[in-house]
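Visitor: generate coordinates for the sequence data below:
(one chain, ligands or ions: 1)
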Amino acid sequence: MSTTNPADSAQLKDIVAHAKEYGFVFQSSEIYDGLAAVYDYGPNGVELKNNLKRLWWETMTQLHGNVVGLDAAIFMDPRTWQASGHIAGFNDPLVDNLDSKKRYRADVLLEEKAAEYEAAGDPGRGAALTAEMGRLLTDNDLAGVRQLILDEKIKCPVSGTGNWTDVRQFNLMFSTQGSAVDSDAPPVYLRPETAQGIFVNFLNVQKSARLKVPFGIAQIGKAFRNEIVARQFIFRMREFEQMEMQFFVRPGTEGHWYDTWKAARRRFHEALGLPAHKLRFHDHDKLAHYAKAAVDIEYEFPFGFKEMEGIHSRSDFDLTQHQELSRKKQQYFDNDVNPETGKPYGNYVPYVVETSVGADRLFLATLCEALQTETITEGEGEEQKTKTRTVLRLHPAVAPVKAAIFPLVRKDGLPEKAQQLFDSLKFDFRLVVEERDSIGTRYTRQDLIGTPFCIAVDHQTLEDDTVTVRHRDSRLQTRMPIADLRGFIGEAVSFKRVFELL
Ligand code: GAP
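Guide: Predicted structure coming up:
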């Protein structure tokens with residue numbers, strides 16, 4: 001299967017343009033020409049992103065009695081990053097082209113070459129190339145990586161030459177001054193993953209919430225990486241948000257939990273509406289310094305199948321490292337009886353299975369999947385017309401606005417009735433009232449931001465307290481008593497619709 005399609009860059013451009021025009025995502029500091037790889041979420045974007053985050057949060061902490069939440073600080077003692085291995089090992093292999101003076105990630109150049117083989121119908125050669133790259137990177141054989149680039153005759157897209165420097169490692173962490181009074185104080189880092197805030201709080205959480213292994217700690221928060229390849233919109237950012245869950249297990253059971261969470265996380269994406277054929281698992285070619293096994297859930301973005309979520313079996317690596325550097329025991333006493341010995345399992349450092357999804361990548365996948373253009377026919381007989389409609393088919397549970405209320409005209413008491421309806425439902429749902437423009441134009445505006453229902457208040461409403469509900473996806477209109485709206489909308493937009501599929 002092809003991983004890239006040149007025509008799809010046009011699709012990404014449409015998504016970027018749509019995201020800006022309808023208040024989903026803006027380039028950061030745009031009036032100063034924008035800061036590369038940093039983005040801001042607009043009025044509809046922040047609602048959609050918050051809904052996705054809340055859905056993930058409730059999936060983790062509400063549906064699992066043994067998963068609890070945490071909100072750790074971004075700044076941590078710098079020794080955290082020494083223990084975790086990020087100071088020594090959180091690097092990207094970079095290479096410069098001597099003619100264009102452009103800098104690239106060596107692994108990305110090779111991955112793109114592998115994708116070319118795949119697109120040209122030679123997936124075996126592509127797979128062999130990524131496997132060889134993984135081997136060289138795992139061995140930190142940077143001269144070998146450079147030689148592979150030369151052997152593959154990879155050229156700089158700007159200069160067109162293969163005049164490459166040596167490959168060298170570049171640390172991805174941002175740092176800032178740690179102390180206002182001591183200029184010799186070590187720098188503090190902007191965390192490159194939220195997971196370490198969970199590890200260092202492992203015992204605080206376990207003891208205060210009186211948790212028994214296996215249990216999980218979930219967290220949503222900002223992470224920062226000085227990414228060199230900054231493109232593909234919000235796919236790769238320097239400041240982004242992660243939704244991570246560390247699941248602490250008895251050593252020896254990690255394989256079972258790795259498989260369990262792998263399947264559960266894929267079901268989450270499917271339940272949210274990402275089609276099964278656009279999701280796939282991809283085992284890592286090169287394991288991160290902390291991982292014993294790792295798989296990505298990839299989604300087919302317009303620029304090919306790319307990582308959306310990582311599931312990692314981290315063994316006891318992190319807790320043991322923190323235990324050694326902090327000299328504080330990071331052990332759990334397991335009083336369950338081991339059937340093999342007839343004695344309690346006793347003290348151990350738990351193993352960890354991690355699920356880690358980028359809120360921004362989930363947002364992008366959701367947007368890519370939802371934005372659709374379709375041909376529709378309107379009217380009847382001689383009046384019938386065919387036109388195209390752009391519609392954002394978001395899952396109703398995550399749509400920024402759940403229903404838009406339209407008084408048919410701006411007189412005869414209809415705006416007041418519409419406002420009354422807004423006031424009676426605003427405690428339950430996020431709604432808007434729109435009075436301006438024709439009903440058709442108002443429907444179009446709501447289709448473009450993914451509002452699942454539009455409610456028209458007309459003269460009949462004043463007589464019998466019924467309204468017309470127009471459904472975004474089918475465009476069908478149904479007459480309904482106002483008294484039924486809360487139940488009807490509530491059922492359609494409830495997170496339960498997603499939870500039931502998990
Ligand atoms: N704690 C494990 C960890 O951080 P990762 O695979 O490096 O693992 C996890 O990152 C997820 O975070 C990725 O699957 C992706 O969704 C998101 N992510 C990572 N780097 C990102 C970036 N530069 N921009 C946006 N999202 C990113």
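Visitor: could you check the pLDDT of the closest residue to the ligand within the stretch 301-450 of the chain?
Guide: In the stretch 301-450 of the chain, the residue found nearest to the ligand is residue 358; the distance is 2.5 Å by Cβ to the nearest ligand atom. Using the backbone N, CA and C atoms, a C-beta is placed for each residue, glycine as well. The model reports residue 358 with a pLDDT of 98.
Visitor: which bits of the protein sit near the ligand?
Guide: Contacts of the chain with the ligand, taken as Cβ under 6 Å from any ligand atom, map to 193, 195, 225, 227, 236-237, 240, 242, 244, 307-310, 354, 356-358, 360-361.
Visitor: returning to what we had before: the residue of the stretch 301-450 of the chain closest to the ligand contacts residue 242, doesn't it?
Guide: Yes. With contact defined as Cβ atoms under 8 Å, residue 358 reaches residue 242; the gap is 6.0 Å.
Visitor: hmm, back to that, so which of the residues of the chain next to the ligand belong to strands?
Guide: 240, 242, 244, 307-310, 354, 356-358 (DSSP state E).
Visitor: adding neighbour count, write these out as CSV.
Guide: Below are these laid out as CSV (neighbours: other Cβ atoms under 10 Å):
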residue, neighbour count
240, 20
242, 22
244, 26
307, 17
308, 22
309, 25
310, 22
354, 24
356, 19
357, 25
358, 23
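Visitor: ok, which pair from those is furthest apart?
Guide: Using Cβ to Cβ, these reach their maximum pairwise distance at 240 and 354, which is 16.8 Å.
Visitor: in the stretch 1-150 of the chain, what residue lies closest to the ligand?
Guide: Closest point on the stretch 1-150 of the chain to the ligand, by Cβ to the nearest ligand atom, is residue 37, at 7.5 Å.
Visitor: quick check, that residue in contact with residue 227.
Guide: Yes. Residue 37 is within contact range of residue 227, at 5.8 Å (criterion: Cβ under 8 Å).
Visitor: what phi and what psi does the backbone show at the closest residue to residue 172 other than its chain neighbours?
Guide: Excluding its sequence neighbours, the residue lying closest to residue 172 (Cβ to Cβ, 6 or more residues apart in numbering) is residue 225, at 4.5 Å. Phi and psi for residue 225, reported as degrees, to the nearest 10, are phi -140, psi 140.
Visitor: ok, residue 495 next?
Guide: Main-chain torsions, residue 495, degrees, to the nearest 10: phi -60, psi -20.
Visitor: what helix or strand does the closest residue in space to it that isn't next to it in sequence sit in?
Guide: The shortest distance from residue 495 to any non-neighbouring residue, by Cβ to Cβ, 6+ apart, is to residue 397 (5.3 Å). Assigned by DSSP states H and E, residue 397 belongs to neither a helix nor a strand.
Visitor: show the pLDDT at residue 397.
Guide: pLDDT at residue 397 comes out at 98.
Visitor: quick check: neighbours shared by residue 37 and residue 227?
Guide: With contacts defined as Cβ atoms under 8 Å, 6 or more residues apart in numbering, the residues shared by residue 37 and residue 227 are 236-238.
Visitor: any chance of CSV for the residues you listed, columns pLDDT?
Guide: Shown next, in CSV, are the shared contacts of residue 37 and residue 227 (pLDDT from 0 to 100):
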residue, pLDDT
236, 94
237, 96
238, 96
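Visitor: pull out the buried members of those.
Guide: Buried subset of the shared contacts of residue 37 and residue 227 (neighbour count, 16 or more other Cβ atoms under 10 Å): 236-238.
Visitor: and those residues, which of them are in helices?
Guide: In helices, judged by DSSP state H, none of those are found.
Visitor: could I get the residues you listed as TSV with distance to residue 47?
Guide: Converted to TSV, these look like this (distance: Cβ to Cβ, whole Å):
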residue	distance to residue 47
236	24
237	20
238	24
